[in-house]
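K.L.:
predicted structure and sequence below. I'll ask about it afterward.
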Amino acid sequence: MKELEQAEDDFAFARLVEAIENQIADGHPREAGLVMMALTARGEEHDAVLEKMADVLAEHVAVSAEKNEAFDLNAYAAGLLKLTEA
């Protein structure tokens, strides 16, 4: 059972990373590309940055689901920008 749960988690995380890559490619939200550029410019590895950004996306998707509200793009973009403050 744990193997199935891990496989599901891995699949979900891969979709989040894919979504981030699409956001960067599409330029929407623009903060996705800005954060990627800022963090890689200071020496962080591309894949590590994608993981951090996917964590932010997952958090905001969970909040939307929990509150049964639409995804708040502005809050998500602000969450991404916070990654550059660390």
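P.N.:
Structure received.

K.L.:
and the longest helix belonging to the chain, average pLDDT?
P.N.:
Ranked by number of residues, the top helix in the chain under DSSP state H is helix 2-26. Averaging pLDDT along helix 2-26 yields 90.

K.L.:
got the contact list for it?
P.N.:
Contact with helix 2-26 is made by 29, 32, 33, 36, 50, 51, 53, 54, 57, 58, as judged by C-beta atoms under 8 Å, 6 or more residues apart in numbering. The C-beta positions use only the backbone N, C-alpha and C, and glycine is treated the same way.

K.L.:
quick check: next helix or strand after it?
P.N.:
helix 30-41 (DSSP states H and E).

K.L.:
now that following helix: buried residues?
P.N.:
Within helix 30-41, the residues that count as buried by 16 or more other C-beta atoms under 10 Å are 31, 32, 33, 34, 35, 36, 39.

K.L.:
how about the spatially most central residue of the chain: what's its closest non-neighbour residue?
P.N.:
In the chain, the centroid-proximal residue (C-alpha atoms, centre = their mean) is residue 54; its distance is 2.6 Å. Distances taken as C-beta to C-beta, 6 or more residues apart in numbering place residue 16 nearest to residue 54, at 3.9 Å, with adjacent residues excluded.
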